[in-house]
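Participant: Predicted model follows, preceded by the sequence.
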Amino acid sequence: RRHSILNEIVWRTMTRAKIQSIKEPLCLDNNGKRPDGASLIPWQRGKCVTWDVTVTDTYARSYIAQTRVRAGAAAERAAVNKTNKYNYLLSNYIFIPLACEISGVWCVEGIDFLNELGRRTSLVTGDKNETHYLFRQLLYREVMQLASVVVSLLLTSAMINTPLSATPDYIHPQYLTLIG
């Protein structure tokens, strides 16, 4: 769900910037793999841009050793994985992995793309705050998703009458400090 919401925000912003694009382009399918979206007009260097959104769990066991040391480590790893997955596109398209963590941290390539998308939207609308609006939308969605995780945790804990200190070990203690 989180993935589709973020993808929808990117696609709508492309539309707002008057950049024709398509979601899940069938023409780029490769054995069932296709990016979330692609522009229908060149983005840069005469190539169209394609993107794929992925959301990683900052606090998952598979990432926690890296994210504990460096913010964004899970997003950067996911971005590399996405780029490898779509390497067949790189000769004809610009591929952008839009990888973010549930904590709200984005990969560098994603941030650069979103900044450029906001800048291009500003050129079309005349509103210099378009980049700010884009990031505010994305942040709002992430905060709402995090809130739903916390509420689910509280409800689950209340339903089974378990103290929060006895929550499963895959729930990072940072979540617990948010709810006291």
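Facilitator: Received it, and whenever you're ready, just let me know what you need. Numbering: from 1, shown residues only.
Participant: For stretch 114-132, list every residue counted as buried.
Facilitator: Neighbour-count burial for stretch 114-132 flags 114, 116-118, 120-122, 130-131 (criterion: 16 or more other Cβ atoms under 10 Å). Yep, even glycine has a C-beta here, placed from its N, CA and C like the rest.
Participant: Could you do stretch 54-71 as well?
Facilitator: Those would be 54-59, 63-64, 67, for stretch 54-71 by 16+ other Cβ under 10 Å.
Participant: on that earlier part again, export the buried residues of stretch 114-132 as a markdown table, with columns for pLDDT.
Facilitator: Shown next, in a markdown table, are those (pLDDT from 0 to 100):
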| residue | pLDDT |
| --- | --- |
| Leu114 | 94 |
| Glu116 | 96 |
| Leu117 | 96 |
| Gly118 | 95 |
| Arg120 | 97 |
| Thr121 | 96 |
| Ser122 | 96 |
| Glu130 | 93 |
| Thr131 | 92 |
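Participant: Return the distance of Val108 relative to Thr15.
Facilitator: Separation of Val108 from Thr15 (Cβ to Cβ, to the nearest Å): 25 Å.
Participant: Mind jotting down where the helices sit in this structure?
Facilitator: Under the criterion DSSP state H, the chain contains helices at 2-16, 61-67, 73-85, 108-125, 130-159, 173-178.
Participant: averaging pLDDT over each of these, which comes out lowest?
Facilitator: Note on those: lowest mean pLDDT is at helix 173-178, with a mean of 45.
Participant: For Leu138, list the residues it contacts.
Facilitator: Under the criterion of Cβ atoms under 8 Å, 6 or more residues apart in numbering, the neighbours of Leu138 are 6, 9, 100, 114.
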